[in-house]
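Trainee: Generate a structure from the sequence data that follows.
(one chain, ligands or ions: 1)
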Amino acid sequence: MKYSGRTFVVSGGASGLGRACVRDICADGGNAVILDMNEGLGNDLVKELGASAKFFVCDVANTDSIAAVVQSTVEWVQQTGKPLGGIIPAAGVGRPGLILDKNLRPTPISAIDLVLSINLRGTLDLIRQLLPALAAAPPSGPDNERGVIIMVASSAAFEGQMGQVAYAASKGAVAAMTLPLARDLSRFGIRVVTIAPSMFDSAMTAGLSDKVRKGLEKAMEFPVRAGRPEEFAALVRQAVENGMLNGVVIRLDGATRMPSKL
Ligand SMILES: NC(=O)c1ccc[n+]([C@@H]2O[C@H](COP(=O)([O-])OP(=O)(O)OC[C@H]3O[C@@H](n4cnc5c(N)ncnc54)[C@H](O)[C@@H]3O)[C@@H](O)[C@H]2O)c1
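Mentor: I've put the predicted structure just below:
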């Protein structure tokens, strides 16, 4: 699969890791559909990229909101003549919180629901609703490939830290979905790859305190720095282009293993 001549749908595409993918797709002759709640950033990105990008406001936690943008995406694909080639569900939130606080109060279920409904349910629902269009795309190349899905897990899928119970649950589930999704979709010529990044520079990590950042740096092997969104986008591109990558979770972390305490 190549970006060129195809349309890729990127949720959370207005910022951070998703935005780096959108830029890479458009720079390589593909079209990108940006789905995000952040209208300001979404519109800015379309201004920057021109006709190869389209922004639709979408809340991936809301199944009707997804249904509406899937319809708009299918119509845009018909207008441009660039068939769907893949889905990158990168919308996500961190929202750390201890499962039990010092006063023996458990975290509200609404806080857990929020993280699960965006990171897990939102990922699965977006894929689910786009799949009929992706599976109907014309096959390409010698393998008759129709598309690639690249999901975003996290180091927290393997080494969740304090306060990350809900986040780790959401990302561990995304990692666990990878193989059964690949198995379900192989008959349609659709591959599934998940990337599990460690700390990357983005709006999500911009608010980390110096203490937390320094603590995380201590756990890093090499290089001792946060990843760059372009490095994430480079692996996404490889996952799109390399037909043998399927049903796998790839850590992108410079050998970092998240410690118990910072
Ligand atoms: N930055 C990191 O260190 C890091 C590490 C591991 C995994 N991740 C994952 O990477 C993904 C991208 O995160 P990022 O670092 O680029 O953060 P980011 O905050 O820069 O981007 C996330 C985007 O998702 C959007 N979003 C949030 N809720 C949404 C919703 N309900 N519907 C639609 N869009 C929504 C936000 O508006 C934002 O534009 C997330 O899934 C995150 O969990 C990030």
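Trainee: Going by C-alpha atoms from here, please, whenever you check contacts or count neighbours.
Mentor: Will do.
Trainee: for the ligand, what are the nearby residues on the protein?
Mentor: With CA under 6 Å from any ligand atom as the criterion, the chain meets the ligand at residues 11-12, 14-18, 36-38, 58-61, 90-93, 118, 152-154, 197-205.
Trainee: Now the buried members of these.
Mentor: In the residues of the chain next to the ligand, burial by neighbour count holds for 11-12, 14-18, 36-38, 58-61, 90-92, 118, 152-154, 197-202, 204, counting by 16 or more other CA atoms under 10 Å.
Trainee: Narrow the residues you listed to those in helices?
Mentor: Residues from those lying in helices, with DSSP state H as the criterion: 16, 17, 18, 204.
Trainee: just the helices in the stretch 101-250 of the chain please.
Mentor: Across the stretch 101-250 of the chain, reading from the start of the chain, the helices by DSSP state H, counting those that start in this stretch fall at 109-115, 122-135, 165-185, 203-206, 210-218, 229-241.
Trainee: Now do the buried residues in the longest one.
Mentor: Translated: helix 165-185. 165-179, 181-182, 185.
Trainee: And it, what does it pack against?
Mentor: Applying 3 or more CA pairs under 8 Å, 6 or more residues apart in numbering; DSSP states H and E, one finds that helix 165-185 makes contact with helix 109-115, strand 147-152, strand 190-197, strand 248-252.
Trainee: and the first one, how far from the chain's centre?
Mentor: Read that as helix 109-115. Computed by CA atoms, centre = their mean, to the nearest Å, the separation of helix 109-115 from the middle of its chain amounts to 19 Å.
Trainee: same thing with the shortest one?
Mentor: The gap between where strand 248-252 is centred and where its chain is centred comes out at 13 Å by CA atoms, centre = their mean.
Trainee: coming back round to it: turn the helices of the stretch 101-250 of the chain into JSON lines, columns for mean pLDDT.
Mentor: Converted to JSON lines, the helices of the stretch 101-250 of the chain look like this (pLDDT from 0 to 100):
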{"stretch": "helix 109-115", "mean pLDDT": "98"}
{"stretch": "helix 122-135", "mean pLDDT": "98"}
{"stretch": "helix 165-185", "mean pLDDT": "98"}
{"stretch": "helix 203-206", "mean pLDDT": "94"}
{"stretch": "helix 210-218", "mean pLDDT": "89"}
{"stretch": "helix 229-241", "mean pLDDT": "98"}
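Trainee: Compare these and report which one is nearest to residue 82.
Mentor: Checking the helices of the stretch 101-250 of the chain against residue 82 by CA to CA gives helix 122-135 as the closest, at 11.9 Å.
Trainee: and that closest one, which residues are buried?
Mentor: Buried residues in helix 122-135, counted by 16+ other CA under 10 Å: 122, 123, 124, 125, 126, 127, 129, 130, 131, 133, 134, 135.
Trainee: and if you look at stretch 135-146?
Mentor: Counting neighbours by 16+ other CA under 10 Å, stretch 135-146 gives 135, 137, 139, 145, 146 as buried.
Trainee: Please enumerate residues in contact with that stretch?
Mentor: Outside stretch 135-146, the residues within contact range by CA atoms under 8 Å, 6 or more residues apart in numbering are 1, 83, 84, 85, 134, 147, 188, 189, 190.
Trainee: How far does it stretch from one end to the other?
Mentor: When the termini of stretch 135-146 are compared using CA to CA, to the nearest Å, they are 6 Å apart.
Trainee: got it, and stretch 219-235?
Mentor: End-to-end distance for stretch 219-235: 22 Å, by CA to CA.
Trainee: Centroid-nearest residue for the chain?
Mentor: Computing the C-alpha centroid of the chain and ranking residues by CA atoms, centre = their mean puts residue 90 first, at 2.1 Å.
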